[in-house]
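> My questions are about this predicted structure, shown below with the sequence.
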Amino acid sequence: MSQPSLSPDGRKLAFIRGSSTFVGPGQVYVKILPDGEPTALTHDNLDKMSPAFSPDGTRIAYTVVDPQFDWDTWTVPVLGGEPQLLLKNASGLVWSGPSQVLFSEMKLGQHMAIVAAGESRAGQRDVYVPADEQGMAHRAYVSPDGKWALLVEMDQDNLWLPCRLVPVDGRSPGHPVGPPGGGCTSGAWSPDGKWIYLTTNAVGTNHIWRQLFPEGASEQITSGPTEEEGIAMASDGRSFVTAVALQSASLWVHYANGERQVSLEGNAADPAFTPDGKKLLYRVVREAPNAFDFYNFYRDLAEVRIVDPESGRSESLVPGLPALNYDISADGRQVVMETVDREGKPRVYLASLDRSTPARQIPNVEGKSPKFGPDGEILFRHMERKPGTAGSSGFIYRVRPDGTGMRKVLEQPVDPRWRASRDGRWIEFLGPLPGNGPSALQYLPLDGGSPVVISAGWLDWVWSADGGAVAISSNGLGAVAEGRTYVVPLPPGQMFPRIPAGGFRSEEEIARLPGVRKIDVAGAVPGPSPEVYAFYRGTAQRNLYRIPVP
C-alpha cells in the first residue's frame, strides 16, 4: 500500500495497493476511517499512481499510464462505480479549488510541465515548465491559500531532483527546497501553510522532512531502518499518513542445480554476466534495489565489482572510481563506465576486466550511459542544447577509444535508459511509428536501415552477454505479468527472434516463440545458458501509518 490521500473531511483514506510507490500495476482502494474495511474501486491491469479526492469528497482522481506511455486522469466514485476518463494527457491531478485543478501535461516527447486549468481544461495556463526539454514535473501540491505549489520533478535522465517551490501564477520558476542532494518524490503542506513536508532520500533512504515556509531550514521528521513514502496531511495538522516500508532485496544467481546469493555486503544492483559466464559484475549501491521495480530513479554512484558466482569471491574493478552505469565488451576484456568529474559532468572511462592496465578516461567525451558499439567504438548519450533555449535532448554519439572520430549516429533523441543490441549495431528507441503513428518500442539500425518494431508498449528487453538469447520482462503490454521473464533463444547471427508485424501485443505471442523458457521472477538477467540467470529475491512489508507531527 502506498500513495495515501485523505478526504477533505478526514474520514476517508484512498491509496494504491500495488508493488510500486511511483507508477505501476495496482488498484485504487478507499477505507472509511478509523476501522472500515478497504474496498477496491478499480479492477484492471493498468499502471496507476497519485489518487486524490475531489473537493466534495465524492470522487477520487488517479493517473493511468497505458502501454503507449500516455498519462491520463481518470475518476471513480468513492462509493463505487465505473471509472471515467476525466482528462487526456494529464497526470498527478489535484484540485486547487471547487472546479480548478493542477496537473502534469506532456508538451513534446517526454517534456512534462505543471499546468493550471478548470476541470474541463478551460483557461489552461502553464505554472512551471522544466527548462530542460526532457525534464518531467510529475506532481504538484497546492498551498492552502492557492498561491504556491510544491513540485516533484525528474531531470533529463529521469532521476529525482530536490522538490521545488513555485508560484502558481507562473511568474517565476521558483527554487529548490528541502535538504540538498536528495531526490524528492512526494510532498504536502500543513493546513495553516506555515510548513512544507516532503519525502527525500537525502540521508540514504526515503524519510519525511519538513521546512518552514518560505525560507526555513530543513529538519528530519522520521528516521530508522524503515522507509517512508507519501504524505497525506490531516486537516488539523497534528498528524499525517504515510506508507512505512521495511524491505530487502538481495542478488542471486540461479543454476541448474541450485541458487547462490551473490553479495552479502551492501546492496548489489545492475548485474551483468561476462560473455563466458564465469564472472558477474554489479554495483554496490546506497539505495536498496527494489525487487519489484525495474528501474531505480536515484543518483547512486557506486563501485563496480566482479564476483565469481560459484566461489562468492568479490573485488572492486576500479577501486575509488564510482560509476552510475557500465557495459561489458563482447569479447569480455573491457568495461566502459560512466562516472562524474569534480564539476558534475558525466565522463566515460575504459577499464580492463583483468585489471592488467589502469582505467583511463576517454578524452573529449562528455557522455552518459556508454555502451560498446561495432568496430571497437564506444556509443554514448550526449546532451545537446536547443539553440536559443535552455532545453536539451539526448542523442547517441560514437567515438573511438582514443577520443577521436566523434560523431552523431542518430537524429532521434533517445530515452536516458536506452540500450544497444549486443553487437552494438541497433539502438533502442521508444517513440511514434513512421507517419506519426502510435508510440512503440523500436530498435533503429546504425546503418540507416528500417527499424525493428518490438512492441506496442514498453518491454524490458535484455540480451544475454553472449548475444545468444534475449530476456523479456515487463507489464508494458498490459498482459505480461509481474513476476515473469521470458528467455528467448536467438538464431545464430541474429539479434531478434521472430516478431509479429507491428510488434508484440500480448504475453501469449511471446510465450509461443520457439524455444522460449519462462522464469517465474521479474527482470531476470540471462547468463551463459538457459539454466543460469541473475535475479533479485526480496521482501517488502509496506503499510499505512498515522504519524504524529512533533
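The structure has been received and is ready for your questions.
> how many neighbours does Met112 have?
The number of residues packed near Met112 is 22, by other CB atoms under 10 Å. C-beta coordinates here come from the backbone N, C-alpha and C atoms, glycine included.
> Pull the contacting residues for it.
Applying CB atoms under 8 Å, 6 or more residues apart in numbering to Met112 gives the contacts 71, 91, 104-106, 130, 135-138.
> Please dump these into a markdown table; it should also carry distance to Gly18 for every row.
Converted to a markdown table, these look like this (distance: CB to CB, whole Å):
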| residue | distance to Gly18 |
| --- | --- |
| Trp71 | 17 |
| Ser91 | 16 |
| Ser104 | 20 |
| Glu105 | 24 |
| Met106 | 23 |
| Pro130 | 27 |
| Gly135 | 26 |
| Met136 | 21 |
| Ala137 | 23 |
| His138 | 17 |
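> among these, which are in strands?
71, 91, 104-106, 136-138 (DSSP state E).
> residues near Ala351, how many?
Count around Ala351 with other CB under 10 Å applied: 20.
> what about it, distance to Asp270?
Distance, Ala351 to Asp270, using CB to CB, to the nearest Å: 15 Å.
> Thr200 too?
23 Å.
> With neighbour numbers in mind, choose between these two.
Neighbour count, other CB under 10 Å: between Thr200 and Asp270, Thr200 has more, with 26 against 19.
> Spit out the contact partners of that one.
By CB under 8 Å, 6+ apart, the contact set of Thr200 is 162-163, 178-179, 182-185, 206-207, 209.
> and of the residues you listed, the nearest to Ser439?
Of all the contacts of Thr200, Thr185 has the smallest distance to Ser439: 25.1 Å, by CB to CB.
> so the closest one touches Phe22, yeah?
Yes: when contacts are counted by CB atoms under 8 Å, Thr185 is listed as touching Phe22 (7.1 Å).
> which residue ranges form the strands in the stretch 301-450 of the chain?
When assigned using DSSP state E, counting those that start in this stretch, the strands of the stretch 301-450 of the chain occupy the ranges 304-307, 314-316, 325-328, 334-340, 346-352, 360-361, 368-372, 378-385, 392-399, 407-408, 426-432, 439-445.
> of all these, which lies closest to Asn257?
Nearest of the strands of the stretch 301-450 of the chain (CB to CB): strand 304-307, 18.7 Å.
> What strands line up against that closest one, and which way round?
strand 280-285 (antiparallel), strand 314-316 (antiparallel) (DSSP bridges).
> Which one of the ones you listed lies nearest to Pro548?
Using CB to CB and comparing the strands paired with strand 304-307, the one that lies nearest Pro548 is strand 280-285, at 32.5 Å.
> Now do that closest one: everything it contacts.
Applying CB under 8 Å, 6+ apart, the set of residues contacting strand 280-285 from outside is 251, 253, 262-263, 265-274, 296, 300, 302-307, 309, 317, 323, 326, 328, 335, 534.
> can you tell me which of these are in helices?
Within the contacts of strand 280-285, no residue falls in helices by DSSP state H.
> Can you flag the buried ones in these?
Listed as buried from those are 251, 253, 262-263, 266-274, 296, 300, 302-307, 309, 317, 323, 326, 328, 335, 534; burial here means 16 or more other CB atoms under 10 Å.
> Among the contacts of Thr200, which are located in strands?
Short answer: the contacts of Thr200 in strands (DSSP E) are 184-185, 207, 209.
> Let's have those residues in JSON lines, adding distance to Gln110.
Listed next are the ones in strands among the contacts of Thr200 as JSON lines, based on distance: CB to CB, whole Å:
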{"residue": "Cys184", "distance to Gln110": "19"}
{"residue": "Thr185", "distance to Gln110": "18"}
{"residue": "His207", "distance to Gln110": "29"}
{"residue": "Trp209", "distance to Gln110": "28"}
